[in-house]
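Novice: Kindly return the folded structure for what I paste below:
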Amino acid sequence: MFSGLFENFLQYFEWIFETIGTTIIIYGGVRATVQIFLSEVLKKPQNLEKIRKELTNRILFGLEFYIVVAILGTLRNPNIQDLTVLGTVVLIRTVLGYFLSKEVKEYQFD
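Specialist: Numbers count the residues shown, from 1 in each chain. Modelled structure (predicted):
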């Protein structure tokens with residue numbers, strides 16, 4: 001009884017964090033697209049490096065939520081396959097985070 005309740009609790013929060021992560025990434029992509037559209041089509045001046053940095057930051061932040069989802073999934077059903085998936089997700093996130101952070105640091109702002 002308690003085990004099923006705990007599993008449902010974790011599954012609920014997996015869904016919440018996955019939704020939050022996805023929303024942040026989609027929001028970042030839509031916002032960057034609108035800003036680029038305004039820059040190109042309407043000739044509204046935009047700093048493309050700033051747009052790119054903001055998009056990168058939102059992607060990184062959204063990926064943090066996916067790590068939480070992977071951890072919660074592993075807590076719900078801890079087997080070797082889930083641990084492997086968790087390790088892979090953390091490794092990919094770490095590599096992506098390293099290179100995206102390095103790219104962000106290279107931006108020059110006025």
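
Novice: quick one, longest helix in the protein?
Specialist: Ranked by number of residues, the top helix in the chain under DSSP state H is helix 2-40.

Novice: and the angle from the helix or strand following that one to helix 2-40?
Specialist: Using DSSP states H and E, the helix or strand that directly follows helix 2-40 along the chain is helix 48-76. If you take axes from the mean of the first three to the mean of the last three Cα atoms, to 10 degrees, helix 48-76 sits at 170 degrees to helix 2-40.

Novice: which helices and strands sit right next to helix 48-76?
Specialist: Here helix 48-76 is seen to pack against helix 2-40, helix 80-106 when contacts are counted using 3 or more Cβ pairs under 8 Å, 6 or more residues apart in numbering; DSSP states H and E. C-beta: built from backbone N, CA, C; applies to glycine.

Novice: To G62, which of those lies closest?
Specialist: Judged by Cβ to Cβ, the one of those that comes nearest to G62 is helix 2-40, at 3.8 Å.

Novice: Give me the buried positions along the longest helix of the chain.
Specialist: L10, E14, F17, E18, I20, G21, I24, I25, G28, A32, Q35 (16 or more other Cβ atoms under 10 Å).

Novice: can you list those in a markdown table and add distance to I51 and pLDDT?
Specialist: Shown next, in a markdown table, are the buried residues of helix 2-40 (distance: Cβ to Cβ, whole Å; pLDDT from 0 to 100):
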| residue | distance to I51 | pLDDT |
| --- | --- | --- |
| L10 | 37 | 84 |
| E14 | 31 | 91 |
| F17 | 26 | 94 |
| E18 | 26 | 94 |
| I20 | 22 | 96 |
| G21 | 21 | 95 |
| I24 | 16 | 97 |
| I25 | 15 | 95 |
| G28 | 10 | 96 |
| A32 | 5 | 94 |
| Q35 | 5 | 91 |
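
Novice: mind checking how far the residue nearest to L38 when sequence neighbours are not counted is from Y12?
Specialist: Using Cβ to Cβ, 6 or more residues apart in numbering and skipping the chain neighbours, the partner closest in space to L38 is K44 (4.3 Å). Distance of K44 to Y12, computed by Cβ to Cβ, to the nearest Å: 42 Å.

Novice: for the buried residues of helix 2-40, which one is nearest L75?
Specialist: Nearest to L75 among the buried residues of helix 2-40, with distances taken as Cβ to Cβ, is L10, at 5.8 Å.
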